[in-house]
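**Q** here is a sequence together with a model predicted from it:
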Amino acid sequence: MRDARLLVDALRDPASVEVLDSGQWTELISIARAESLIGSLAHRVKDVRVPDRARAVLQDAIEAHDLARRQALWEADCARRALADYPRKIILMKGTAYVAANLDAGVGRSIGDLDIMVAREELPVVEAALRDAGWEWVKPDPYDDQYYRDHMHELPPLIHRERDRMIDVHHTILPLTAKPTPDAKAILHNAVRLDDGLYVMAPADMVLHSVAHLFADGDLAGGLRNLWDINLLIREFSEADDAFWIELDTHAKTHGLNNELARAMRLAFRLYATPVDDYHSGPASLADHLYVRRLLARDGYGRETRKAVRFAFYVRSHWLRMPPLMLARHLWTKWRKGGKLPK
């Protein structure tokens, strides 16, 4: 069965695309779009021989990313101005953080909502300031709203009434019901200040946030993109600082993410040839093979495949978030209300 290996190979070795025929190029672009990696692919193959029709598509992706990058930075600045009177740290997260810090992981990276992190005890102050500046609640249902506030790692999402742009305000990096309990205060303490006064996570915490999101929370949707982020972050940070691996180990222990980090290193090495430290490398387990099958579950049209594997990881994602009784009660409540599970 065809899968997303074609995209992984192209990202890993851009020169490999020079032998693709027109049908394979169609598949590659379809899979890259489905995995939100079309911008990353376009930048990776800029300097290799590409058919004219494919080059036009890839150039459009580069231009679309340039626009998205400017929009993301503008939205971050809007949030900064809305919170100008807030005296504590405001941490940019995910794609916006990568482009704001001029990291390799931001090159071609798709960027959706603006994600920020603040101290949990300051959430009411931050939420009030954002609402005064034009952001409104997205979740009108009282149960969903309370679920976010009591159990999640973020406020219910807010959307700006004029710009139609969403912001997610985090106070930690995993749901409060998850088994790992990252040290949010340590993340805030170690954050790195940017020139505009906003912050990004320290290198080790930035990697571990991506690791936590991929392996300790979700169902691996968008997993190839997240693992590509991890690959690029690891490469850049480890080359820039000889002490990076020691810091990564230390922070992983602080946040309780040792096992998730080890799996991320094994899979990044297996798929993207990431130069992982020997301490994190090791033989692949049966579970690793299942993770790879889930990550590569696309056909040549970009459609999702391997439904049984996907469903198993979907169930796993909710199992990770809640203990059994709480999960049963939550599913029952959502079923009665005819709604969807909060993300």
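**A** Sure, I can see it. For clarity, every value in this text was computed on a predicted model and none was experimentally measured. Numbers count the residues shown, from 1 in each chain.

**Q** the strands in the protein, which residues?
**A** For the chain, the strands defined by DSSP state E occupy 91-92, 114-117, 135-137, 158-160, 166-170, 192-193, 199-200.

**Q** with distance to residue 293 and mean neighbour count added, can I get the ones you listed in CSV?
**A** For glycine as for every other residue, the C-beta is placed from the backbone atoms N, C-alpha and C. Below are the strands of the chain laid out as CSV (distance: least, CB to CB, whole Å; neighbours: other CB atoms under 10 Å):
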stretch, distance to residue 293, mean neighbour count
strand 91-92, 33, 25
strand 114-117, 29, 25
strand 135-137, 38, 16
strand 158-160, 36, 19
strand 166-170, 30, 21
strand 192-193, 37, 12
strand 199-200, 33, 22
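
**Q** these: which one's closest to residue 241?
**A** Distance to residue 241, taken as CB to CB, is lowest for strand 192-193 among these, at 12.4 Å.

**Q** how distant is the closest one from the center of its chain?
**A** 20 Å (CA atoms, centre = their mean, to the nearest Å).

**Q** cool, stretch 113-129 as well?
**A** 19 Å.

**Q** for it, give me every contacting residue.
**A** 72, 75-76, 79, 82-83, 85-86, 88-94, 96, 155, 157-158, 165-173, 184-185, 187-188 (CB atoms under 8 Å, 6 or more residues apart in numbering).

**Q** CA atoms of that stretch as PDB?
**A** In PDB, the C-alpha atoms belonging to stretch 113-129 read as follows (Å, rounded to 0.1, in the frame of the first residue of the first chain):
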ATOM      1  CA  ASP A 113      -4.000  30.100  15.300                       C
ATOM      2  CA  LEU A 114      -1.800  32.200  17.600                       C
ATOM      3  CA  ASP A 115      -0.800  30.300  20.700                       C
ATOM      4  CA  ILE A 116       0.600  32.000  23.700                       C
ATOM      5  CA  MET A 117       1.400  30.900  27.300                       C
ATOM      6  CA  VAL A 118       1.100  32.900  30.500                       C
ATOM      7  CA  ALA A 119       1.100  32.200  34.200                       C
ATOM      8  CA  ARG A 120      -2.000  30.300  35.300                       C
ATOM      9  CA  GLU A 121      -2.800  32.600  38.100                       C
ATOM     10  CA  GLU A 122      -2.800  35.500  35.600                       C
ATOM     11  CA  LEU A 123      -5.400  34.000  33.200                       C
ATOM     12  CA  PRO A 124      -8.300  36.200  34.300                       C
ATOM     13  CA  VAL A 125      -6.200  39.300  33.800                       C
ATOM     14  CA  VAL A 126      -5.000  38.200  30.300                       C
ATOM     15  CA  GLU A 127      -8.500  37.000  29.300                       C
ATOM     16  CA  ALA A 128     -10.100  40.300  30.300                       C
ATOM     17  CA  ALA A 129      -7.500  42.400  28.400                       C
END
